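Peer 1: 3D, please:
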Amino acid sequence: QVQLVESGGRLVQAGDSLTLSCAASGLTFSDYSMGWFRQAPGKEREFVAVFECCGGKVYHAESVQGRFTISRDNAKNTVSLQMNSLAPEDTAVYYCAADLYGSTQHSRGINYNYWGQGTQVTVSS
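Peer 2: Below you'll find the model as predicted:
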């Protein structure tokens, strides 16, 4: 049984930094591109970043470019999201997701096979 478990979300102030982690189990982690998405209240789910399984390329959404950094540790089956200079508009539930062998359309959530339950990040002004 595949499980993705996010952790690290909490209430922070604008300008703070925060690191989210996602622990994966029940899958061959290195075969999966690992992504982060977020969903704010009343808004659609939004792509944040992806770390490709095969080739190791990373992509970040324009909205977080230069502030957020995705990383992965295949030995520990974890993917992390380092978030700096947080702003109130970053408030959302953050989800990690796994996409078997990855896709050129890595920003589309429909391409991902497995999802975590999410972790809440709230940024106060």
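Peer 1: now the most centrally placed residue in the chain: how far from Val2?
Peer 2: Nearest to the mean C-alpha position of the chain, counting by Cα atoms, centre = their mean, stands Trp36 at 2.0 Å. With distances taken as Cβ to Cβ, to the nearest Å, Trp36 is found 17 Å from Val2. (C-beta placed from N, C-alpha, C; glycine too.)
Peer 1: now Leu11
Peer 2: Distance from Leu11 to Val2, by Cβ to Cβ: 30 Å.
Peer 1: quick one on the thing from earlier: my read is that the residue nearest to the centre of the chain contacts Val48, right?
Peer 2: Yes. Trp36 lies in contact with Val48 (Cβ atoms under 8 Å); the separation is 4.2 Å.
Peer 1: what residues do those two have in common as contacts?
Peer 2: 70, 81, 94 (Cβ atoms under 8 Å, 6 or more residues apart in numbering).
Peer 1: make JSON lines out of those residues and add distance to Ala87 and neighbour count.
Peer 2: Formatted as JSON lines, these follow (distance: Cβ to Cβ, whole Å; neighbours: other Cβ atoms under 10 Å):
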{"residue": "Ile70", "distance to Ala87": "18", "neighbour count": "21"}
{"residue": "Leu81", "distance to Ala87": "15", "neighbour count": "28"}
{"residue": "Tyr94", "distance to Ala87": "14", "neighbour count": "23"}
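Peer 1: let's see which of these end up in strands.
Peer 2: The strands, defined by DSSP state E, take in 70, 81, 94 from those.
Peer 1: can you pull up the bridge partners for the closest residue to the last one other than its chain neighbours?
Peer 2: Going back to what we said before, that points to Tyr94. Leaving aside its sequence neighbours, Tyr94 sits nearest to Arg38 (Cβ to Cβ, 6 or more residues apart in numbering; 4.8 Å). Arg38 forms beta bridges with Glu46, Tyr94, as assigned by DSSP bridges.
Peer 1: what sits against Arg38?
Peer 2: With Cβ under 8 Å, 6+ apart, Arg38 has these contacts: 45-46, 48, 90, 92-95, 121.
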